[in-house]
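Participant: predicted model and sequence below, questions to follow.
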Amino acid sequence: MAEETVPRKPSCSNHPLLQCADLILPWLTPPELANVSMTSTSLRKASASITTLRSSDASRTFENLPVPFHNTVDHYPYAYFLYTPSLILPSAASHLLRQPWGSSGSVPLSSAPRCIPSESVSLVDELGQSVLSGCDCESCGDVGSGCPCLGFGGLDDVGIECGPGCGCGPDCGNRLTQNGVAVRVKIVRDERKGWCLHSDQLIRKEEFLFEYAGELLTTKEARRRHQCYDEISSNGKLSSALLVVREHLPSGNACLRLNIDATRIGNVARFVNHSCDGGNLSTKLIRSSGALFPRLCFFASKDIQQDEELTFSYGEIRKKAIGLPCFCGSPSCFGTLPSEDT
Ligand SMILES: C[S@@+](CC[C@H](N)C(=O)[O-])C[C@H]1O[C@@H](n2cnc3c(N)ncnc32)[C@H](O)[C@@H]1O
């Protein structure tokens, strides 16, 4: 005899969105997640667990070490931005509209592009001699090994590492800055400065910390975005992270301008705040043999204790200007943050 079938009311766990919540929710922005969480108790719980996972690692598992958020001053659990562990060209960035963040399964590290896909280049001096040719070594971390990349001199304030133009592989010891964030850091909320990057371990003077990753822009596009960000950030709604770096080329007459925007897509370096006394970080451009562009890398300019905030100088203030207020707290504080107009 056939059993009597009682039509069931659809339960919450049968909600189509809940059944694939783990697949969909990690792709949502914070406002979208908040909207979804209001629709049922189960989705509220699922959204809460996404938020917990997001605040436990800003790097979306792209880095070797998790980078947690800590906030005891207001209700923001994390800052929302897309993550890239290395420089990215705008053509690639424009395709990157969303990125999963907060799924219980992690994104495999191998899917993270570590270097911008660049064509092999060779830099030449005024006589047309190649000054950065790469090496044929299979392994050249040893200073005594005679690797030409280690012995190179000629560009002031520019470090040289092995790169795509070399015969060695990713494990070569002369690729110190090419493996993502090298020290334990955390992102701490401050009432006046917003998010701040802090050390979560003792860091020794001259140790490498991380590079400044983001979108590599043309100067025209950087100027356009600067103007746009200035307008929005004047009402306190945006913390822009567009950095301009100038590299003087060997001839002394030419200057390469790098515009790196980490506002929408970036890495942990986008949380480093300004300090008028220069802070505890110094920057250096690192060229890798065969890579088209140098990368801006951060090193400790002094010993840094665990929990100390990591800061550097955003630039000089040459004239009195009306700008965003500076709260660096150093005795030499100028009162205003450096910008293109100061
Ligand atoms: C690159 S972001 C740094 C991270 C930023 N605090 C955040 O919450 O995302 C630069 C912005 O941080 C803030 N900032 C950086 N240094 C500061 C300082 N010394 N005093 C006040 N605000 C600062 C300004 O809003 C600036 O536009």
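Facilitator: Alright, I've got the coordinates.
Participant: which non-adjacent residue is nearest the residue of the stretch 1-150 of the chain found nearest the ligand?
Facilitator: Nearest to the ligand in the stretch 1-150 of the chain, going by C-beta to the nearest ligand atom, is residue 79, at a distance of 5.8 Å. Every residue, glycine included, has its C-beta placed from N, CA and C. Leaving aside its chain neighbours, residue 79 sits nearest to residue 195 (5.4 Å; criterion: C-beta to C-beta, 6 or more residues apart in numbering).
Participant: same thing with residue 164?
Facilitator: Distances taken as C-beta to C-beta, 6+ apart place residue 290 nearest to residue 164, at 4.1 Å, with adjacent residues excluded.
Participant: show me the contacts for residue 288.
Facilitator: Residues in contact with residue 288 (C-beta atoms under 8 Å, 6 or more residues apart in numbering) are 115, 160-165, 175, 178, 295.
Participant: do the same with residue 67
Facilitator: 57-59, 181, 185-187, 268.
Participant: per-residue pLDDT of whichever residue of the stretch 51-200 of the chain sits closest to the ligand, please?
Facilitator: In the stretch 51-200 of the chain, the residue that lies nearest the ligand is residue 194 (2.7 Å; C-beta to the nearest ligand atom). On pLDDT, residue 194 comes in at 96.
Participant: pLDDT weak spots in the stretch 101-250 of the chain?
Facilitator: Applying pLDDT under 70 to the stretch 101-250 of the chain picks out residues 105-133, 139, 141-145, 150-157, 234-236, 249-250.
Participant: what residues does this protein put near the ligand?
Facilitator: By the rule C-beta under 6 Å from any ligand atom, the part of the chain lying against the ligand is 79, 193-195, 233, 239-241, 270-271, 273-274, 324, 326-328, 337.
Participant: ok so, going back, for the helix or strand hosting the residue nearest to residue 79, what is the distance to the chain centroid?
Facilitator: When elements are assigned from DSSP states H and E, residue 195 belongs to strand 194-199. Using C-alpha atoms, centre = their mean, to the nearest Å, the mean C-alpha position of strand 194-199 is found 13 Å from that of the whole chain.
Participant: got the CA coordinates for it in CSV?
Facilitator: Provided in CSV are the C-alpha atoms of strand 194-199 (Å, rounded to 0.1, in the frame of the first residue of the first chain):
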residue,chain,number,x,y,z
GLY,A,194,40.9,54.7,9.9
TRP,A,195,42.6,51.4,9.3
CYS,A,196,46.3,51.2,10.2
LEU,A,197,48.8,48.5,9.5
HIS,A,198,50.6,47.1,12.6
SER,A,199,53.5,44.8,13.0
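Participant: excluding sequence neighbours, find me the nearest residue to the residue most central in space within the chain.
Facilitator: Nearest to the mean C-alpha position of the chain, counting by C-alpha atoms, centre = their mean, stands residue 267 at 1.5 Å. Leaving aside its sequence neighbours, residue 267 sits nearest to residue 213 (C-beta to C-beta, 6+ apart; 3.9 Å).
Participant: can you list the contacts of residue 67 in a markdown table and add neighbour count and distance to residue 65?
Facilitator: Below are those laid out as a markdown table (neighbours: other C-beta atoms under 10 Å; distance: C-beta to C-beta, whole Å):
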| residue | neighbour count | distance to residue 65 |
| --- | --- | --- |
| 57 | 20 | 9 |
| 58 | 27 | 11 |
| 59 | 21 | 8 |
| 181 | 23 | 6 |
| 185 | 27 | 8 |
| 186 | 20 | 10 |
| 187 | 21 | 13 |
| 268 | 28 | 10 |
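Participant: just send those residues back as CSV, with secondary structure and distance to residue 311 too.
Facilitator: What follows is the contacts of residue 67, written out as CSV (DSSP: H, G, I helix; E, B strand; the rest coil; distance: C-beta to C-beta, whole Å):
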residue, secondary structure, distance to residue 311
57, coil, 23
58, coil, 18
59, coil, 20
181, coil, 17
185, strand, 13
186, strand, 15
187, strand, 14
268, helix, 14
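Participant: need the contact list for residue 216.
Facilitator: Applying C-beta under 8 Å, 6+ apart to residue 216 gives the contacts 87-90, 116, 258-260, 293.
Participant: now which of these would you call buried?
Facilitator: 87-88, 116, 258-260, 293 (16 or more other C-beta atoms under 10 Å).
Participant: closest one of these to residue 300?
Facilitator: Nearest to residue 300 among these, counting by C-beta to C-beta, is residue 260 at 20.6 Å.
Participant: just grab the bridge partners of residue 211 for me.
Facilitator: residue 297 (DSSP bridges).
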